[in-house]
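>>> Provided below are the primary sequence and the corresponding predicted coordinates.
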Amino acid sequence: MTTRCVTLALLLLFACSALSSAQEQWPRFRGAEGAGISSQTGLPIKWDASNVLWKTSLKGRGQSSPVYWDDRIFLTSALEDGKQRLVFCIDAKDGKMLWEQTAWTGTPEPSHERNGWASATCCTDGKFVYASFGKAGLHCFTVDGKHVWSRELGEFLSDTKRGTAASPILAGDLVILNGDSESDPFLFGIDKLTGKTVWKTGRPALEGYSTPALIEASGRKELVLNGEKFIAGYDPATGKLLWTCKSFAGRGEPVPAVSDDILYVINGQPGDVYAVRAGGSGDVTHTRMLWHTPRRGGRDGPSPIVLNHFLLVSNMAGIGSCYDAGNGKELWKQRLGGAISASPFAAEGRAYLLFENGETLVFDPGPTFKELARNTLGAPGNEIFRASPTPCHGHLLLRSDRTLYCVGANRTMSDGRSPLGEPARPRAVKT
């Protein structure tokens, strides 16, 4: 081989390595930053059932959102009305079930009919995957399916019997888990290798279902957590409470949208949408709240998203609103579709919103509403889509309560294969 050929081969190797290292992972609820913003390009805009590259049937029922590292997708499910909790690993290339582990069996806690027993989304660092099931504990497996440790952290009971839904996230060497409840209200910092408690911070004994967000503000890292009565910032290393900002209503399950060090917050129950600058100390309600705008007319379950200086919010009835992120002015409000539980994501300046019937709306944010596409999968009418959609290697992962779908654009390579290496025609994988 000539020197020139060797040089070209090395350059190609380095280019491939750089491309691989730059590949986006989606390791937790709403992506690496927890903001629902993807750097991927070429995602499908228009599709129908013919664009389903593969679909995988899942045991039991669940509504945790797909997360992935490289080509391994992680999900959870529950069998027998919560008596058994499962963790799945699925191959992103073809939908094949790589492994399935039973994380817990026992007497289930009460849960709301819209919730169930497998709503919390997994998190992963590419070596381990962590799954939370409320009373059924927090569990760690290797990405190859080997059990590492399990912890039961409390009963997490509620007078209203709503169950749990907050997803774990990773912060350095810790797994962070919101344990809000009426019986065991704590925020936990757990050693990710051993499962031992590093810190445990008390919370008000009220309902709350939000997943923490890890941000940087005023030169420090903060854990930000929405809640029943306030949003708060904590030191992720120690669990120390840094600041609080009072909210306008209860529940607090939506994860705040984040842009730089500004948090955009909705409550869950009808109440003002507001913006607060992180990085403060003590009660910052009157010192760091930048604006608040009345928001009425329905429950807010989906998390908001900030895109191109526009704040996008949809309530659970499918009524969407767009606000100017700088001053909170409402720019438009209209009915987008049917019921919605999933949080949106955005890529290449476009927003994707998944309805419970499996329909996905793609639209451009802006001072006026601009619909780009409205897509269906051809899913059976008995399937319910409450998990948030996940962009994956140029495709979309859409999870119903019983099936995982992979949707691709009408793009094939010169050999007739899809970008993930499988035949571009739709095909089903049964497990």
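Yes, it's here. Since we're looking at a predicted model, the values are computed, not measured. Numbering: from 1, shown residues only.

>>> centre of the chain to the host helix or strand of Ser77, how far?
Here Ser77, judged by DSSP states H and E, is contained in strand 72-79. Mean-position distance between strand 72-79 and its chain equals 14 Å (C-alpha atoms, centre = their mean, to the nearest Å).

>>> so which other helices or strands are in contact with that strand?
Contacts defined by 3 or more C-beta pairs under 8 Å, 6 or more residues apart in numbering; DSSP states H and E place strand 72-79 against strand 67-69, strand 84-91, strand 128-132. The C-beta positions use only the backbone N, C-alpha and C, and glycine is treated the same way.

>>> now render those as TSV, adding mean neighbour count and mean pLDDT.
As requested, those are exported to TSV (neighbours: other C-beta atoms under 10 Å; pLDDT from 0 to 100):
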stretch	mean neighbour count	mean pLDDT
strand 67-69	23	98
strand 84-91	23	98
strand 128-132	27	98
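
>>> dump these to CSV, plus distance to Glu182.
CSV is the format used below for the helices and strands packed on strand 72-79 (distance: least, C-beta to C-beta, whole Å):
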stretch, distance to Glu182
strand 67-69, 29
strand 84-91, 22
strand 128-132, 18
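
>>> out of the ones you listed, which gets nearest to Pro185?
Closest to Pro185 of these, according to C-beta to C-beta: strand 128-132, at 15.5 Å.

>>> what are the pairing partners of the closest one, and which direction each?
Strand 128-132 has its sheet partners listed here by DSSP bridges as strand 123-124 (antiparallel), strand 138-142 (antiparallel).

>>> so which bits of the last one are buried?
By that I understand strand 138-142. For strand 138-142, the buried set under the neighbour-count rule, 16 or more other C-beta atoms under 10 Å, comprises Leu138, His139, Cys140, Phe141.

>>> list the contacts for the second one?
Shown in contact with His139 (C-beta atoms under 8 Å, 6 or more residues apart in numbering): Val87, Ala103, Trp104, Tyr130, Ala131, Ser132, Phe133, His147, Trp149, Ser150, Arg151.

>>> how about the fourth one, what does it touch?
By C-beta under 8 Å, 6+ apart, the contact list for Tyr130 reads Cys122, Cys123, Thr124, Leu138, His139, Cys140, Pro168, Leu170, Val175, Lys192.

>>> mind doing that once more with 10 Å?
For Tyr130, the contact set (C-beta atoms under 10 Å, 6 or more residues apart in numbering) comprises 28, 74, 87, 120, 122-124, 138-141, 148-149, 167-170, 175, 177, 190, 192, 195.

>>> same question, the first one
For Val87, the residues meeting the contact criterion (C-beta under 10 Å, 6+ apart) are 64, 74-77, 99-104, 118, 122, 129-131, 133, 139-141, 145, 147.

>>> so where is the stretch 301-431 of the chain shaky, pLDDT-wise?
Applying pLDDT under 70 to the stretch 301-431 of the chain flags the ranges 410-431.

>>> let me see the ranges of the strands in it.
305-307, 310-314, 319-324, 330-335, 345-347, 350-354, 360-364, 370-375, 390-392, 395-399, 403-407 (DSSP state E, counting those that start in this stretch).

>>> CA atoms of the last one as CSV?
Spelled out, it's strand 403-407. Extracted in CSV, the C-alpha atoms of strand 403-407 (Å, rounded to 0.1, in the frame of the first residue of the first chain):
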residue,chain,number,x,y,z
THR,A,403,-45.7,-1.5,21.0
LEU,A,404,-42.5,0.3,20.0
TYR,A,405,-42.4,1.7,16.5
CYS,A,406,-39.4,3.0,14.5
VAL,A,407,-40.4,5.5,11.7
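
>>> who's in contact with the closest residue to Thr41 other than its chain neighbours?
Leaving aside its sequence neighbours, Thr41 sits nearest to Glu348 (C-beta to C-beta, 6 or more residues apart in numbering; 5.9 Å). Taking C-beta under 10 Å, 6+ apart, we find Glu348 in contact with Ser38, Ser39, Gln40, Thr41, Gly42, Leu43, Ile45.

>>> hmm, Gln381 is touching Glu356, no?
Small correction: residue 381 is Gly, not Gln. No - assessed by C-beta atoms under 10 Å, Gly381 is found out of contact with Glu356, at 11.3 Å.

>>> ok, the two, which is more surrounded?
Legend: neighbour count by other C-beta atoms under 10 Å for Gly381 and Glu356, higher for Glu356 (21 against 7).

>>> quick revisit: would JSON lines of the contacts of Glu348 with distance to Pro367 be doable?
As requested, those are exported to JSON lines (distance: C-beta to C-beta, whole Å):
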{"residue": "Ser38", "distance to Pro367": "23"}
{"residue": "Ser39", "distance to Pro367": "25"}
{"residue": "Gln40", "distance to Pro367": "26"}
{"residue": "Thr41", "distance to Pro367": "25"}
{"residue": "Gly42", "distance to Pro367": "27"}
{"residue": "Leu43", "distance to Pro367": "24"}
{"residue": "Ile45", "distance to Pro367": "21"}
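
>>> which pair of these spans the longest distance?
Taking C-beta to C-beta, no two of those sit farther apart than Ser39 and Ile45, at 16.7 Å.

>>> quick one on the thing from earlier: next, format the strands paired with strand 128-132 as CSV and append distance to Asn375.
Shown next, in CSV, are the strands paired with strand 128-132 (distance: least, C-beta to C-beta, whole Å):
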stretch, distance to Asn375
strand 123-124, 28
strand 138-142, 34
